[in-house]
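>>> everything below, folded, please.
(2 chains)
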Amino acid sequence: SAVISQKPSRDICQRGTSLTIQCQVDSQVTMMFWYRQQPGQSLTLIATANQGSEATYESGFVIDKFPISRPNLTFSTLTVSNMSPEDSSIYLCSVNRDRGRELFFGEGSRLTVL
Amino acid sequence: QKEVEQNSGPLSVPEGAIASLNCTYSDRVSQSFFWYRQYSGKSPELIMSIYSNGDKEDGRFTAQLNKASQYVSLLIRDSQPSDSATYLCAVNRGGNQFYFGTGTSLTVIP
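Here you go, the predicted structure:
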């Protein structure tokens, strides 16, 4: 498994502001993934964060709205920019040790946008 | 057609009974299959992974995979109130993309 720490665990934000979520893993991993889970919904992949290159975004998600940093093999950040109430969600950082193998999640960051 | 489909429930079973959760997937090339448990307000927690046809047992949990029929199931024996949660089925084709179902809500009644 992996120990994955996320900060903040929750926050209440005003419309139009931006928030950066941090994810720290206890060991080096090649890929880190950012998911979103909207209320009552399942998980949707936002992007894959690669160390040393641009993040790879899924359909419907763009870098201007969700910029991602990956400065090293144990850390990543996701910024939710210019937030609106529709961005209210749980944001989850996740990793796996090998391609196609088990995915492990951080505790999540619950954002509420007013 | 969704990649992964689950009955949303809610599924209610009495304490001590067997809970049976089912999941179907659409892509025959899927290679890896996972069950996650998610308590309300918490993040998903991996409880089982299965990669080949047949049964895999871990304590009170048994995962069953049938690739020909494209379904994977999770059996929880001797269900406990602490098993009450939403169970997510996830499927992977061998790359980095995991496809999650919408989850089945399970309630174990004392």
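>>> residue boundaries of the strands in chain B?
For chain B, applying DSSP state E gives strands covering B:4-6, B:11-14, B:19-25, B:32-38, B:45-50, B:54-58, B:61-66, B:71-76, B:85-92, B:98-100, B:104-109.
>>> helices or strands up against the second one?
Using 3 or more C-beta pairs under 8 Å, 6 or more residues apart in numbering or on different chains; DSSP states H and E as the contact criterion, the neighbours of strand B:11-14 among helices and strands are strand B:19-25, strand B:104-109. (C-beta placed from N, C-alpha, C; glycine too.)
>>> try the first one
Contact partners of strand B:4-6 among helices and strands, from 3+ C-beta pairs under 8 Å, 6+ apart: strand B:19-25, strand B:85-92.
>>> circling back: ok, which of the helices and strands packed on strand B:11-14 comes nearest A:Leu114?
Using C-beta to C-beta as the measure, strand B:104-109 is the one of those that comes nearest A:Leu114, at 28.3 Å.
>>> contacts made by the closest one with the rest, please.
The set of residues external to strand B:104-109 that reach it, using C-beta atoms under 8 Å, 6 or more residues apart in numbering or on different chains, is B:6-15, B:17, B:19, B:21-22, B:76, B:79-87.
>>> only the buried subset of those residues, as a ChimeraX command please.
Buried residues within the contacts of strand B:104-109, by 16 or more other C-beta atoms under 10 Å in any protein chain shown, are selected in ChimeraX with:
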select /B:6,11,13,19,21,22,76,79,83,84,85,86,87
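>>> counting neighbours, what do you get for residue 109?
Using chain A here. Residues within reach of A:Ser109, counting by other C-beta atoms under 10 Å in any protein chain shown, total 24.
>>> could you do chain B instead?
11.
>>> so what sits opposite it in the bridge?
Here B:Ile109 sits in beta bridges with B:Pro14, going by DSSP bridges.
>>> one step back: could I get the helices and strands packed on strand B:11-14 as TSV with distance to A:Met31?
Output for those, formatted as TSV (distance: least, C-beta to C-beta, whole Å):
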stretch	distance to A:Met31
strand B:19-25	22
strand B:104-109	28
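>>> mean pLDDT and distance to A:Gln51 added to those strands, as JSON lines?
Output for the helices and strands packed on strand B:11-14, formatted as JSON lines (pLDDT from 0 to 100; distance: least, C-beta to C-beta, whole Å):
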{"stretch": "strand B:19-25", "mean pLDDT": "96", "distance to A:Gln51": "31"}
{"stretch": "strand B:104-109", "mean pLDDT": "96", "distance to A:Gln51": "36"}
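>>> the spatially most central residue of chain A: what secondary structure?
The centroid of chain A falls nearest to A:Trp34 when counting by C-alpha atoms, centre = their mean (3.3 Å). Of the three states, A:Trp34 takes strand under DSSP: H, G, I helix; E, B strand; the rest coil.
>>> now do the contacts for it.
Taking C-beta under 8 Å, 6+ apart, we find A:Trp34 in contact with A:23, A:45-49, A:66, A:68, A:76, A:78, A:91-94.
>>> looking at the helices and strands packed on strand B:4-6, which is closest to A:Val113?
The closest of those to A:Val113 is strand B:85-92. By C-beta to C-beta, the value is 23.7 Å.
>>> the closest one pairs with which strands, and in what direction?
strand B:32-38 (antiparallel), strand B:98-100 (antiparallel), strand B:104-109 (antiparallel).
>>> so for A:Asn82, which of the helices and strands packed on strand B:4-6 sits nearest?
Nearest to A:Asn82, of all the helices and strands packed on strand B:4-6, is strand B:85-92, at 30.0 Å by C-beta to C-beta.
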